[in-house]
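Trainee: sharing a sequence plus its predicted fold:
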Amino acid sequence: MWNVNFTPPQIIEARVLTRMPDDLRIARRSEWADANKPGQIVDSFLEGPTFDREGNLFVTDIPHGRIFRIGPNLRWEVFAETAGWPNGIALHRDGSLWVADYRCGILRVDPSQGDVEVVRGHRNSESFRGVNDLTFDKEGNLYFTDQGQTGLHDPTGRVYRLRPSGQMDLLLANVPSPNGIALDPTERFLYVAATRANAVWRMPLLPDGSVSKAGAFQTFFGTSGPDGLAMDAHGRLVVAHASLGGAFVLDAHGWCTHFIRSPMGHAGGTVTNIAFRPGTHRLVLTESASGTVLEAELPPAPGHRSQTSS
């Protein structure tokens, strides 16, 4: 995963932005922990960072079915409960939050009251494997991953597109653990984190809506694999890696230019997802094992002036 000229990526040190308050942690057994962290009591597992238009940050707590709102003052509150295992969040153009919930499917959360409704709980009466992450394009099409417990032993994870009309298209059905998902700025290419293959896949979106020539954009190593993805306006892809203690920054050619390092390190940390503060180069990262949200500043892309931070 070194660049072909053997230059190492520049290191960016992430810092702690905020930590889940102790009184919101739930130190009890859960079915999610039994399956994914056997023998452990998991008091929280953060995912899905997303900002609304008022600057509030939303994150999910998978094992306990909660969505938190973190205000600009860094005050945490339980915004919604899904009765499932919520993971990724995406902001719809109407201001609502759409959530990939492993148990319940694709959910819509009212932006004012936190009421939860099911948008899609299955496809053609068949249950999902376990949806994981999602993103919208400019036309309102929703792309989402259906991960379940797939992997190299069972490479049948799926990627779907849900159109505003309600039509749902199956784009991929052979991914070993599809996880994070992102579109490039032109929306001509789709990126999917194939966690158990330890790779990020890239594929063109053709004019007829199909995909073709899916390939490995970048490959990694480690006991886990790439998780959440975030794309900036200049085509740089940020890849959270759950077992390597941070996030990789890849340019449009797949070269690794930077590594954002968690202060917890690879031994004690689990960086699962990332999101840009709108209109800035500033990133937030969910440090799931510790119930912490990190922050880091990504340098401007070469040839582009710095955006205004907020």
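Mentor: Perfect, thanks for sending it. Numbering: from 1, shown residues only.
Trainee: wait, isn't residue 211 in contact with residue 172?
Mentor: Yes. With contact defined as CB atoms under 8 Å, residue 211 reaches residue 172; the gap is 6.7 Å. To be clear about C-beta, it is placed using only N, CA and C from the backbone, and glycine gets the same treatment.
Trainee: need the overlap of contacts for those two.
Mentor: Residues touching both residue 211 and residue 172 (CB atoms under 8 Å, 6 or more residues apart in numbering): residue 203.
Trainee: verify the stated contact: residue 58 with residue 89.
Mentor: Yes. Residue 58 is within contact range of residue 89, at 5.5 Å (criterion: CB under 8 Å).
Trainee: overlap in contacts, these two.
Mentor: Joint contacts of residue 58 and residue 89 (CB under 8 Å, 6+ apart) are 48-50, 67, 97.
Trainee: can you list the helices and strands that the helix or strand residue 274 falls within packs against?
Mentor: Using DSSP states H and E, residue 274 sits in strand 271-276. Here strand 271-276 touches strand 46-51, strand 226-231, strand 237-241, strand 246-250, strand 282-287, going by 3 or more CB pairs under 8 Å, 6 or more residues apart in numbering; DSSP states H and E.
Trainee: in the chain, which spans are helices?
Mentor: For the chain, the helices defined by DSSP state H occupy 31-36, 265-268.
Trainee: tabulate these (JSON lines), appending distance to residue 215, mean neighbour count and mean pLDDT.
Mentor: Output for those, formatted as JSON lines (distance: least, CB to CB, whole Å; neighbours: other CB atoms under 10 Å; pLDDT from 0 to 100):
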{"stretch": "helix 31-36", "distance to residue 215": "29", "mean neighbour count": "14", "mean pLDDT": "88"}
{"stretch": "helix 265-268", "distance to residue 215": "27", "mean neighbour count": "12", "mean pLDDT": "65"}
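Trainee: for residue 10, which of those is the nearest?
Mentor: Smallest distance to residue 10 across the helices of the chain (CB to CB): 17.7 Å, for helix 265-268.
Trainee: and stretch 10-30, what's buried?
Mentor: Along stretch 10-30, these residues count as buried under the neighbour rule (16 or more other CB atoms under 10 Å): 12, 14, 17-18, 20, 24, 30.
Trainee: contacts for that stretch?
Mentor: With contacts defined as CB under 8 Å, 6+ apart, stretch 10-30 is touched by 41-44, 46, 61, 63-64, 68, 70, 74, 76, 78, 246, 257-263, 284-285, 290-299.
Trainee: and what of stretch 250-258?
Mentor: In contact with stretch 250-258 (CB under 8 Å, 6+ apart) are residues 1-4, 9-12, 184, 200, 217-218, 234-239, 248-249, 298-299, 301.
Trainee: just to revisit the earlier point, quick one: buried ones out of the contacts of stretch 10-30?
Mentor: 42-44, 46, 61, 63-64, 68, 70, 76, 246, 257-263, 284-285, 290-294, 296-298.
Trainee: narrow those to those in strands?
Mentor: Mapping those onto strands (DSSP state E) picks out 46, 61, 68, 70, 76, 246, 257-261, 284-285, 292-294, 296-297.
Trainee: sorry, back to before: the more surrounded of residue 58 and residue 89?
Mentor: Neighbour count, other CB atoms under 10 Å: between residue 58 and residue 89, residue 89 has more, with 25 against 22.
Trainee: the more buried one and residue 165, how far apart?
Mentor: Applying CB to CB, to the nearest Å, the value for residue 89 to residue 165 is 23 Å.
Trainee: low-scoring pLDDT stretches of this structure, where are they?
Mentor: 1-2, 266-268, 303-310 (pLDDT under 70).
Trainee: do that again at 90, thanks
Mentor: Applying pLDDT under 90 to the chain picks out residues 1-8, 28-41, 209, 264-269, 289, 300-310.
Trainee: ok, the residue positioned nearest the centre of it - contacts?
Mentor: The residue lying closest to the centre of the chain (CA atoms, centre = their mean) is residue 228, at 3.1 Å. Applying CB under 8 Å, 6+ apart to residue 228 gives the contacts 47-48, 88, 133, 179-180, 193, 239-240, 272-274, 286.
Trainee: measure residue 70 to residue 17 for me?
Mentor: On the measure of CB to CB, residue 70 and residue 17 end up 9 Å apart.
Trainee: cool, thanks, signing off.
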